[in-house]
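>>> Have a look at this prediction, sequence included:
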Amino acid sequence: MEFTARALIKRAKQGDTHAFAELVETYKDKIYSFLYRMTGNREDAYDLAQEVFLRVYNNLHAFDETMRFSPWIYRIAQNLAVDHLRKRRNLLYLDEPTGDDGVMSWQVESSEPGPEAVVEFEDFRGSVAEALNQLSPMYKAVMLLRFVQELPYEDIARTLDLPLTTVKTRLYRAREALRKNLIKQGYFEASQGGTKIGLS
């Protein structure tokens, strides 16, 4: 994807509008998904995604083609999302998402599920979303970038303009905060293994 992005950016800088349209097409779903999970509102996510690509277009001339594009565009998206949340000053909320536009990539270790297990899993997934909503925007962003958008640590560091060690520390603290939120909902025993979430 990065190689494709570089080629498209080079062409877009030369005035190729079709190349920029391809760039938007390549990243629009990922950016919308990230913004939706950050804001919890589909209309807000759509509006912010449009603003992201407008800013990309207006600042593309300043982009260093030797750098990775993903951290750059995610930084724009993350900054817009945080600014939006600060203005809104409400608790973060996520609808329980389903399908390609919203499913959370949380994995629960289990054997082949029966009907009761499916119901329990759906309840648990909703509880994970609720627990995630209780995190600060700072922790929520780093969790989404790592475990949903699946960015490498180095790209997250570039996206958030943080040292790599700080990113790893925030991830650790965010995971602990998420775990504590789930303990409050009865999904873990503080001193036992309990249900495992695939957040490694």
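Sure, I can see it.
>>> Tell me the helix or strand right after the host helix or strand of residue 29.
Under DSSP states H and E, the secondary-structure element containing residue 29 is helix 17-39. Tracing the chain past helix 17-39, the next element assigned as helix or strand by DSSP H and E is helix 42-59.
>>> by contact count, what packs against the following helix or strand past that following helix?
Sequence-wise, the next helix or strand downstream of helix 42-59 (DSSP H and E) is helix 69-88. The criterion is 3 or more Cβ pairs under 8 Å, 6 or more residues apart in numbering; DSSP states H and E, and the helices and strands that helix 69-88 contacts are helix 2-13, helix 17-39, helix 42-59, helix 137-143, helix 153-160. The way it works is simple: take the backbone N, C-alpha and C, and place the C-beta from them, glycine included.
>>> Highest mean neighbour count out of these?
Sort those by mean neighbour count, taking mean count of other Cβ atoms under 10 Å, and helix 137-143 sits at the top with a mean of 21.
>>> Show residues contacting that one.
Taking contacts as Cβ atoms under 8 Å, 6 or more residues apart in numbering, the residues outside helix 137-143 that touch it are 37-38, 78, 81-82, 85-86, 92, 132-133, 135, 156, 160, 167, 170-171, 173-175, 177-178.
>>> ok, of those residues, which come out buried?
Neighbour-count burial (16 or more other Cβ atoms under 10 Å) applied to the contacts of helix 137-143 gives 37-38, 78, 81, 85, 92, 132, 135, 156, 160, 167, 170-171, 174-175, 177-178.
>>> Buried ones in stretch 60-70, by neighbour count?
For stretch 60-70, a neighbour-count test (16+ other Cβ under 10 Å) marks 63, 68-70 as buried.
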